[in-house]
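Asks: Make a model of this:
(one chain, ligands or ions: 3)
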Amino acid sequence: MTYLAKPRLHHPSLTLNKVGYTRRDYEGRISTLCAGCGHDSISAAIIQACWELDIEPHRVAKLSGIGCSSKTPDYFLGASHGFNTVHGRMPSVLTGANLANRDLLYLGVSGDGDSASIGLGQFANAMRRGVNMAYIVENNGVYGLTKGQFSATADQGSRSKKGVVNNDSPVDLVGLALQLGATYVARSFSGDKEQLVPLIKGALGHGGAAFIDVISPCVTFNNHAGSTKSYDYVRQHNEAVSRIDFLPQHGEITTQYAPGEVVEVQQHDGSLLRLRKLHTDYDPTDRHAALSYMNLHQARGEVVTGLLYIDPVATDLHLALNTSDTPLNALGAEQLCPGSQILEKINASLR
Ligand SMILES: Cc1ncc(C[n+]2csc(CCOP(=O)(O)OP(=O)(O)O)c2C)c(N)n1
Ligand code: SF4
Ligand SMILES: [Mg+2]
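Replies: Residues are numbered from 1 along each chain as shown. Ligands and ions are numbered 1, 2, ... in the order given. Okay, here's the model as predicted:
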(Lines give C-alpha, C1' and ligand atoms only; values in the text may rest on other atoms or scores of the structure.)
(Ligands and ions follow the chains in the order given, each with its own letter.)
Protein backbone atom coordinates (compact mmCIF):
# COMPACT_ATOMS: atom_id res chain seq x y z
CA MET A 1 0.00 0.00 0.00
CA THR A 2 2.57 2.51 -1.13
CA TYR A 3 -0.10 5.19 -1.49
CA LEU A 4 -0.01 5.63 2.28
CA ALA A 5 1.44 9.01 3.11
CA LYS A 6 3.29 9.86 6.29
CA PRO A 7 1.86 12.65 8.41
CA ARG A 8 3.37 15.93 7.23
CA LEU A 9 3.43 17.34 10.74
CA HIS A 10 6.99 17.92 11.96
CA HIS A 11 7.73 18.59 15.58
CA PRO A 12 8.95 22.21 15.76
CA SER A 13 12.00 21.29 17.80
CA LEU A 14 13.47 18.83 15.24
CA THR A 15 17.09 19.65 14.46
CA LEU A 16 17.77 21.33 11.11
CA ASN A 17 20.89 20.60 9.05
CA LYS A 18 22.93 23.31 7.29
CA VAL A 19 20.53 23.52 4.35
CA GLY A 20 17.51 23.89 6.62
CA TYR A 21 16.01 20.39 6.53
CA THR A 22 15.08 17.99 9.32
CA ARG A 23 15.95 14.31 9.07
CA ARG A 24 12.27 13.66 8.35
CA ASP A 25 12.53 15.72 5.16
CA TYR A 26 14.74 12.95 3.77
CA GLU A 27 12.18 10.23 4.42
CA GLY A 28 9.74 8.85 1.87
CA ARG A 29 6.48 6.98 2.10
CA ILE A 30 5.69 4.31 4.68
CA SER A 31 7.53 1.08 3.88
CA THR A 32 5.44 -1.91 2.84
CA LEU A 33 8.32 -4.38 3.24
CA CYS A 34 8.14 -7.25 5.77
CA ALA A 35 8.88 -6.16 9.33
CA GLY A 36 12.59 -6.78 10.01
CA CYS A 37 13.65 -6.75 6.33
CA GLY A 38 17.27 -5.61 6.05
CA HIS A 39 16.35 -3.31 3.17
CA ASP A 40 14.50 -0.95 5.56
CA SER A 41 17.70 -0.53 7.60
CA ILE A 42 19.56 0.45 4.43
CA SER A 43 16.88 3.06 3.64
CA ALA A 44 17.38 4.46 7.15
CA ALA A 45 21.14 4.62 6.58
CA ILE A 46 20.65 6.46 3.25
CA ILE A 47 18.34 8.97 4.98
CA GLN A 48 20.87 9.51 7.76
CA ALA A 49 23.79 9.92 5.33
CA CYS A 50 21.99 12.46 3.09
CA TRP A 51 20.74 14.48 6.08
CA GLU A 52 24.17 14.58 7.70
CA LEU A 53 25.80 15.52 4.37
CA ASP A 54 23.44 18.53 4.06
CA ILE A 55 22.42 17.42 0.58
CA GLU A 56 19.48 19.32 -0.88
CA PRO A 57 16.97 16.58 -1.78
CA HIS A 58 16.31 18.04 -5.25
CA ARG A 59 20.00 17.48 -6.10
CA VAL A 60 19.62 13.69 -5.87
CA ALA A 61 18.39 11.30 -8.56
CA LYS A 62 17.56 7.84 -7.17
CA LEU A 63 17.13 5.03 -9.66
CA SER A 64 16.31 1.38 -9.18
CA GLY A 65 15.26 -1.78 -11.03
CA ILE A 66 12.60 -4.27 -9.86
CA GLY A 67 12.45 -6.20 -6.58
CA CYS A 68 11.76 -5.52 -2.89
CA SER A 69 15.12 -3.71 -2.81
CA SER A 70 14.25 -1.69 -5.89
CA LYS A 71 10.97 -0.61 -4.25
CA THR A 72 12.85 1.07 -1.41
CA PRO A 73 13.57 4.44 -3.10
CA ASP A 74 9.87 5.09 -2.51
CA TYR A 75 10.65 4.97 1.23
CA PHE A 76 13.44 7.57 1.31
CA LEU A 77 14.21 10.97 -0.23
CA GLY A 78 10.60 11.66 -1.11
CA ALA A 79 11.51 15.07 -2.55
CA SER A 80 14.25 13.79 -4.87
CA HIS A 81 14.08 12.76 -8.53
CA GLY A 82 13.23 9.08 -8.91
CA PHE A 83 12.99 6.46 -11.66
CA ASN A 84 11.88 2.90 -10.94
CA THR A 85 13.11 1.29 -14.18
CA VAL A 86 12.82 -2.23 -15.62
CA HIS A 87 14.26 -5.38 -13.99
CA GLY A 88 18.07 -5.28 -14.35
CA ARG A 89 18.09 -2.11 -16.45
CA MET A 90 18.75 0.56 -13.84
CA PRO A 91 22.46 1.05 -14.74
CA SER A 92 21.81 2.06 -18.36
CA VAL A 93 19.01 4.46 -17.41
CA LEU A 94 21.25 5.95 -14.72
CA THR A 95 24.12 6.29 -17.21
CA GLY A 96 21.88 8.14 -19.65
CA ALA A 97 20.49 10.45 -16.97
CA ASN A 98 24.00 11.15 -15.70
CA LEU A 99 25.21 12.03 -19.20
CA ALA A 100 22.29 14.40 -19.73
CA ASN A 101 22.66 16.14 -16.36
CA ARG A 102 25.98 15.84 -14.58
CA ASP A 103 24.90 18.26 -11.86
CA LEU A 104 22.84 15.72 -9.87
CA LEU A 105 24.06 13.13 -7.38
CA TYR A 106 23.20 9.69 -8.70
CA LEU A 107 22.11 6.95 -6.34
CA GLY A 108 21.46 3.53 -7.86
CA VAL A 109 19.61 1.03 -5.67
CA SER A 110 19.32 -2.56 -6.77
CA GLY A 111 19.01 -6.15 -5.60
CA ASP A 112 21.20 -9.20 -6.05
CA GLY A 113 18.70 -10.60 -8.55
CA ASP A 114 18.43 -7.24 -10.28
CA SER A 115 22.21 -6.75 -10.58
CA ALA A 116 23.79 -10.24 -10.49
CA SER A 117 21.16 -12.29 -12.33
CA ILE A 118 19.15 -10.52 -15.06
CA GLY A 119 21.15 -7.27 -14.89
CA LEU A 120 24.70 -8.61 -14.72
CA GLY A 121 25.72 -7.18 -18.11
CA GLN A 122 24.33 -3.77 -17.21
CA PHE A 123 26.07 -3.82 -13.82
CA ALA A 124 29.40 -4.78 -15.40
CA ASN A 125 29.33 -2.07 -18.05
CA ALA A 126 28.36 0.70 -15.63
CA MET A 127 31.33 -0.24 -13.42
CA ARG A 128 33.66 -0.56 -16.40
CA ARG A 129 32.73 2.87 -17.74
CA GLY A 130 33.27 4.65 -14.41
CA VAL A 131 29.81 6.21 -14.20
CA ASN A 132 29.80 8.75 -11.36
CA MET A 133 27.29 7.22 -8.96
CA ALA A 134 26.78 5.53 -5.63
CA TYR A 135 25.51 2.05 -6.57
CA ILE A 136 24.06 0.04 -3.68
CA VAL A 137 23.07 -3.62 -3.99
CA GLU A 138 20.80 -4.83 -1.18
CA ASN A 139 22.04 -8.41 -1.24
CA ASN A 140 19.87 -11.10 0.36
CA GLY A 141 20.85 -14.01 -1.89
CA VAL A 142 17.26 -14.56 -3.06
CA TYR A 143 14.56 -13.08 -5.26
CA GLY A 144 12.55 -11.78 -2.31
CA LEU A 145 9.75 -10.20 -4.32
CA THR A 146 8.99 -13.42 -6.23
CA LYS A 147 9.06 -15.57 -3.07
CA GLY A 148 12.59 -16.69 -2.39
CA GLN A 149 14.22 -18.44 -5.37
CA PHE A 150 18.06 -18.53 -5.17
CA SER A 151 19.67 -15.55 -6.86
CA ALA A 152 23.09 -15.56 -8.52
CA THR A 153 24.77 -14.37 -5.29
CA ALA A 154 23.54 -17.37 -3.24
CA ASP A 155 26.55 -19.29 -1.96
CA GLN A 156 27.21 -22.79 -3.24
CA GLY A 157 26.01 -25.29 -0.64
CA SER A 158 23.65 -22.85 1.08
CA ARG A 159 20.12 -24.06 1.74
CA SER A 160 16.77 -22.56 0.84
CA LYS A 161 13.98 -22.32 3.41
CA LYS A 162 12.51 -25.54 2.00
CA GLY A 163 15.89 -27.31 2.37
CA VAL A 164 16.98 -27.27 -1.29
CA VAL A 165 20.78 -27.04 -1.67
CA ASN A 166 22.20 -24.48 -4.11
CA ASN A 167 24.70 -26.20 -6.43
CA ASP A 168 25.68 -23.18 -8.49
CA SER A 169 28.79 -21.05 -7.98
CA PRO A 170 27.99 -17.58 -6.69
CA VAL A 171 28.58 -14.30 -8.50
CA ASP A 172 30.61 -12.04 -6.22
CA LEU A 173 29.68 -8.46 -7.11
CA VAL A 174 32.49 -6.99 -5.00
CA GLY A 175 35.06 -9.12 -6.84
CA LEU A 176 33.56 -8.10 -10.17
CA ALA A 177 33.48 -4.40 -9.26
CA LEU A 178 37.16 -4.60 -8.31
CA GLN A 179 38.09 -6.36 -11.53
CA LEU A 180 36.02 -4.08 -13.72
CA GLY A 181 37.58 -0.85 -12.52
CA ALA A 182 35.20 0.62 -9.93
CA THR A 183 37.15 3.18 -7.91
CA TYR A 184 35.33 2.81 -4.57
CA VAL A 185 34.35 -0.68 -3.49
CA ALA A 186 32.85 -1.66 -0.15
CA ARG A 187 30.85 -4.37 1.52
CA SER A 188 28.68 -3.89 4.56
CA PHE A 189 25.80 -5.35 6.52
CA SER A 190 22.36 -3.78 6.91
CA GLY A 191 22.58 -4.45 10.65
CA ASP A 192 25.74 -2.34 11.02
CA LYS A 193 24.61 1.27 10.72
CA GLU A 194 27.81 2.55 12.27
CA GLN A 195 29.77 1.14 9.34
CA LEU A 196 27.16 1.65 6.62
CA VAL A 197 26.35 5.38 7.07
CA PRO A 198 29.94 6.62 6.56
CA LEU A 199 30.39 4.18 3.66
CA ILE A 200 27.34 5.70 1.92
CA LYS A 201 28.59 9.22 2.64
CA GLY A 202 31.97 8.36 1.15
CA ALA A 203 30.33 6.84 -1.94
CA LEU A 204 28.18 9.94 -2.53
CA GLY A 205 31.24 12.21 -2.44
CA HIS A 206 33.48 9.90 -4.43
CA GLY A 207 33.26 11.34 -7.94
CA GLY A 208 33.49 8.03 -9.83
CA ALA A 209 31.95 4.56 -9.85
CA ALA A 210 31.30 3.75 -6.18
CA PHE A 211 29.84 0.37 -5.34
CA ILE A 212 28.56 -0.95 -2.00
CA ASP A 213 27.35 -4.52 -1.60
CA VAL A 214 25.19 -4.59 1.52
CA ILE A 215 24.27 -8.00 2.92
CA SER A 216 20.62 -7.46 3.76
CA PRO A 217 18.77 -10.46 5.21
CA CYS A 218 15.37 -11.40 3.79
CA VAL A 219 13.54 -12.34 6.98
CA THR A 220 10.75 -14.09 5.11
CA PHE A 221 12.66 -16.33 2.70
CA ASN A 222 16.36 -16.41 3.65
CA ASN A 223 16.97 -16.04 7.37
CA HIS A 224 17.16 -19.70 8.43
CA ALA A 225 19.98 -22.03 9.45
CA GLY A 226 21.85 -23.08 6.28
CA SER A 227 21.58 -19.63 4.72
CA THR A 228 24.77 -17.55 4.41
CA LYS A 229 22.78 -14.29 4.16
CA SER A 230 20.93 -14.54 7.48
CA TYR A 231 21.34 -12.15 10.43
CA ASP A 232 22.96 -14.88 12.54
CA TYR A 233 25.39 -16.01 9.83
CA VAL A 234 26.63 -12.52 8.97
CA ARG A 235 26.98 -11.53 12.63
CA GLN A 236 29.02 -14.67 13.32
CA HIS A 237 31.26 -14.41 10.22
CA ASN A 238 31.69 -10.66 9.78
CA GLU A 239 35.36 -9.74 9.36
CA ALA A 240 35.75 -5.95 9.12
CA VAL A 241 38.97 -4.65 7.52
CA SER A 242 38.49 -1.10 8.78
CA ARG A 243 36.26 1.27 10.67
CA ILE A 244 35.51 4.33 8.63
CA ASP A 245 34.93 7.94 9.67
CA PHE A 246 33.69 10.47 7.15
CA LEU A 247 34.74 14.09 7.55
CA PRO A 248 32.95 16.60 5.30
CA GLN A 249 34.94 19.07 3.22
CA HIS A 250 35.27 21.76 5.85
CA GLY A 251 34.51 19.59 8.83
CA GLU A 252 36.40 20.26 11.99
CA ILE A 253 38.90 17.49 12.63
CA THR A 254 38.46 16.65 16.26
CA THR A 255 39.62 13.09 16.79
CA GLN A 256 43.20 11.92 16.99
CA TYR A 257 44.53 8.44 16.37
CA ALA A 258 47.89 6.91 17.00
CA PRO A 259 50.04 6.86 13.81
CA GLY A 260 50.12 3.53 12.00
CA GLU A 261 46.52 2.69 12.84
CA VAL A 262 44.86 5.20 10.52
CA VAL A 263 44.76 5.82 6.78
CA GLU A 264 43.35 9.11 5.54
CA VAL A 265 42.02 9.46 2.01
CA GLN A 266 41.01 12.80 0.54
CA GLN A 267 38.11 12.47 -1.89
CA HIS A 268 37.18 14.24 -5.11
CA ASP A 269 34.85 16.68 -3.29
CA GLY A 270 37.43 17.50 -0.63
CA SER A 271 35.89 15.27 2.04
CA LEU A 272 38.20 13.11 4.08
CA LEU A 273 37.81 9.40 4.76
CA ARG A 274 39.62 8.24 7.85
CA LEU A 275 40.08 4.49 8.00
CA ARG A 276 40.98 2.90 11.27
CA LYS A 277 42.64 -0.28 10.12
CA LEU A 278 41.55 -3.33 12.03
CA HIS A 279 44.03 -5.41 10.07
CA THR A 280 47.27 -3.49 9.94
CA ASP A 281 48.47 -5.27 6.79
CA TYR A 282 45.40 -4.18 4.81
CA ASP A 283 46.02 -1.55 2.11
CA PRO A 284 42.70 -0.12 0.79
CA THR A 285 44.45 1.58 -2.16
CA ASP A 286 45.79 -1.68 -3.66
CA ARG A 287 43.16 -3.18 -5.96
CA HIS A 288 44.93 -6.53 -6.48
CA ALA A 289 45.70 -6.98 -2.81
CA ALA A 290 42.05 -6.21 -1.95
CA LEU A 291 40.88 -8.90 -4.34
CA SER A 292 43.19 -11.59 -3.03
CA TYR A 293 42.53 -10.63 0.61
CA MET A 294 38.82 -10.96 -0.02
CA ASN A 295 39.14 -14.29 -1.84
CA LEU A 296 41.35 -15.71 0.90
CA HIS A 297 38.93 -14.78 3.68
CA GLN A 298 35.91 -15.83 1.67
CA ALA A 299 37.40 -19.29 1.29
CA ARG A 300 37.50 -19.43 5.11
CA GLY A 301 33.77 -18.67 5.22
CA GLU A 302 34.22 -15.07 6.38
CA VAL A 303 32.24 -12.09 5.13
CA VAL A 304 34.81 -9.31 4.70
CA THR A 305 33.26 -5.87 5.26
CA GLY A 306 34.42 -2.25 5.24
CA LEU A 307 35.94 -0.01 2.57
CA LEU A 308 37.80 -2.63 0.56
CA TYR A 309 39.27 -0.44 -2.15
CA ILE A 310 39.49 3.23 -3.00
CA ASP A 311 41.26 5.13 -5.74
CA PRO A 312 41.57 8.67 -4.38
CA VAL A 313 42.05 10.11 -7.88
CA ALA A 314 38.92 8.65 -9.38
CA THR A 315 37.95 9.66 -12.89
CA ASP A 316 34.52 9.34 -14.42
CA LEU A 317 32.74 8.87 -17.72
CA HIS A 318 32.38 12.63 -18.34
CA LEU A 319 36.14 13.06 -18.15
CA ALA A 320 36.68 10.11 -20.49
CA LEU A 321 34.19 11.50 -23.01
CA ASN A 322 35.38 15.09 -22.56
CA THR A 323 31.82 16.36 -22.19
CA SER A 324 31.09 20.02 -21.50
CA ASP A 325 31.05 21.30 -17.92
CA THR A 326 27.56 22.64 -18.54
CA PRO A 327 25.11 19.76 -18.28
CA LEU A 328 23.92 18.67 -21.73
CA ASN A 329 20.30 19.31 -20.77
CA ALA A 330 21.16 22.96 -20.08
CA LEU A 331 22.77 23.65 -23.49
CA GLY A 332 20.84 25.72 -25.98
CA ALA A 333 20.13 24.97 -29.65
CA GLU A 334 23.12 27.07 -30.77
CA GLN A 335 25.58 24.97 -28.79
CA LEU A 336 23.91 21.68 -29.64
CA CYS A 337 23.63 22.35 -33.38
CA PRO A 338 26.99 23.48 -34.84
CA GLY A 339 25.48 24.38 -38.21
CA SER A 340 25.72 22.80 -41.66
CA GLN A 341 29.18 24.18 -42.49
CA ILE A 342 30.84 22.67 -39.41
CA LEU A 343 28.92 19.44 -39.95
CA GLU A 344 30.22 19.35 -43.54
CA LYS A 345 33.76 19.79 -42.21
CA ILE A 346 33.36 16.96 -39.72
CA ASN A 347 31.97 14.69 -42.43
CA ALA A 348 34.82 15.61 -44.77
CA SER A 349 37.37 14.73 -42.07
CA LEU A 350 35.86 11.26 -41.82
CA ARG A 351 35.95 10.47 -45.54
C1 LIG B 1 11.98 -8.98 -17.12
C2 LIG B 1 11.51 -9.51 -15.79
N3 LIG B 1 11.78 -10.77 -15.44
C4 LIG B 1 11.36 -11.26 -14.25
C5 LIG B 1 10.65 -10.46 -13.40
C6 LIG B 1 10.16 -11.03 -12.10
N7 LIG B 1 10.92 -10.52 -10.97
C8 LIG B 1 10.51 -9.45 -10.28
S9 LIG B 1 11.52 -9.05 -9.02
C10 LIG B 1 12.52 -10.36 -9.37
C11 LIG B 1 13.74 -10.68 -8.56
C12 LIG B 1 14.12 -9.63 -7.58
O13 LIG B 1 15.22 -10.06 -6.82
P14 LIG B 1 16.23 -9.03 -6.20
O15 LIG B 1 16.71 -8.08 -7.22
O16 LIG B 1 17.26 -9.82 -5.49
O17 LIG B 1 15.33 -8.19 -5.19
P18 LIG B 1 14.76 -8.58 -3.76
O19 LIG B 1 13.29 -8.73 -3.96
O20 LIG B 1 15.41 -9.82 -3.28
O21 LIG B 1 15.11 -7.40 -2.91
C22 LIG B 1 12.06 -11.08 -10.48
C23 LIG B 1 12.73 -12.27 -11.02
C24 LIG B 1 10.39 -9.14 -13.80
N25 LIG B 1 9.71 -8.29 -13.03
N26 LIG B 1 10.82 -8.68 -14.99
S1 SF4 C 1 10.19 -10.80 0.99
FE2 SF4 C 1 12.22 -10.63 1.91
S3 SF4 C 1 13.25 -8.98 0.74
FE4 SF4 C 1 11.04 -8.80 0.38
S5 SF4 C 1 10.29 -7.34 1.90
FE6 SF4 C 1 10.02 -9.41 2.75
S7 SF4 C 1 11.89 -9.76 3.95
FE8 SF4 C 1 12.32 -8.04 2.56
MG1 LIG D 1 17.44 -10.28 -3.52
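
Asks: need the longest helix for this protein.
Replies: helix 38-52 (DSSP state H).

Asks: which strands and helices sit next to that one?
Replies: For helix 38-52, the packing partners by 3 or more C-beta pairs under 8 Å, 6 or more residues apart in numbering; DSSP states H and E come out as strand 133-139, helix 193-204, strand 209-215. All C-beta spots, glycine's among them, are computed from the backbone N, C-alpha and C.

Asks: and the helix or strand following the first one, what's its mean pLDDT?
Replies: Counting by DSSP states H and E, the element after strand 133-139 in chain order, helix or strand, is strand 142-143. Per-residue confidence for strand 142-143 averages out to 98 on the pLDDT scale.

Asks: next structured bit after strand 142-143?
Replies: Per DSSP H and E, strand 142-143 leads on to strand 149-150 as the next helix or strand towards the C-terminus.

Asks: starting at the chain centroid, how far to that following strand?
Replies: Centre-to-centre, strand 149-150 and its host chain are 23 Å apart (C-alpha atoms, centre = their mean, to the nearest Å).

Asks: ok, and what's touching it?
Replies: Contacts to strand 149-150, defined as C-beta atoms under 8 Å, 6 or more residues apart in numbering, come from residues 141, 142, 143, 158, 160, 164, 166, 168.

Asks: Which one of the residues in the stretch 251-351 of the chain is closest to ligand 2?
Replies: residue 303 (18.3 Å; C-beta to the nearest ligand atom).

Asks: hmm, back to that, closest one to ligand 2 among the helices and strands packed on helix 38-52?
Replies: Nearest of the helices and strands packed on helix 38-52 (C-beta to the nearest ligand atom): strand 133-139, 7.9 Å.

Asks: what's the pLDDT at the closest residue to ligand 3 within the stretch 201-350 of the chain?
Replies: As assessed by C-beta to the ion, ligand 3 sits closest to residue 218 within the stretch 201-350 of the chain, at 6.5 Å. In this model, residue 218 is scored at 98, pLDDT.

Asks: Tell me if it really is in a strand.
Replies: No - assessed with DSSP: H, G, I helix; E, B strand; the rest coil, residue 218 is coil; it does not lie in a strand.

Asks: OK, contacts around it?
Replies: 34, 37, 38, 68, 140, 141, 142, 144, 148, 229 are the contacts of residue 218 under C-beta under 8 Å, 6+ apart.

Asks: Distance of it relative to residue 67?
Replies: 10 Å (C-beta to C-beta, to the nearest Å).

Asks: joint contacts of those two?
Replies: Both residue 218 and residue 67 are in contact with residue 144, where contact means C-beta under 8 Å, 6+ apart.

Asks: re the thing from before, ok, the residue of the stretch 201-350 of the chain closest to ligand 3 to ligand 1 distance?
Replies: In this view, residue 218 and ligand 1 are 6 Å apart by C-beta to the nearest ligand atom, to the nearest Å.

Asks: How many neighbouring residues does the closest residue to the residue of the stretch 251-351 of the chain closest to ligand 2 other than its chain neighbours have?
Replies: Counting by C-beta to C-beta, 6 or more residues apart in numbering, residue 303 lies nearest to residue 237, which is 4.9 Å off, once chain neighbours are set aside. Using other C-beta atoms under 10 Å, residue 237 has 17 other residues around it.

Asks: List the contacts of residue 237.
Replies: Residues near residue 237 by C-beta under 8 Å, 6+ apart: 228, 301, 302, 303.

Asks: repeat for residue 19
Replies: 54, 55, 56.

Asks: could you pull out the helices for this protein?
Replies: Counting by DSSP H, the helices of the chain are 38-52, 68-71, 90-100, 112, 120-129, 173-180, 193-204, 231-237, 287-299, 317-321, 333-336, 340-350.

Asks: And those helices: which comes nearest ligand 1?
Replies: helix 68-71 (3.4 Å).

Asks: what's the burial count for the residue of the stretch 51-200 of the chain found nearest ligand 2?
Replies: Here the stretch 51-200 of the chain gets closest to ligand 2 at one residue, residue 144, 2.7 Å apart by C-beta to the nearest ligand atom. By the criterion of other C-beta under 10 Å, residue 144 has 30 neighbours.

Asks: Repeat that for residue 103.
Replies: Residue 103 - counted by other C-beta under 10 Å - has 12 other residues nearby.

Asks: what residues are up against the closest residue to it other than its chain neighbours?
Replies: Once flanking residues are discounted, residue 103 sits nearest to residue 327: 5.1 Å by C-beta to C-beta, 6+ apart. Residue 327 is in contact with 100, 101, 102, 103, counting by C-beta under 8 Å, 6+ apart.

Asks: now these in TSV, with distance to residue 44?
Replies: Formatted as TSV, these follow (distance: C-beta to C-beta, whole Å):
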residue	distance to residue 44
100	30
101	28
102	29
103	27
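
Asks: Just the buried ones from those residues?
Replies: residue 102 (16 or more other C-beta atoms under 10 Å).
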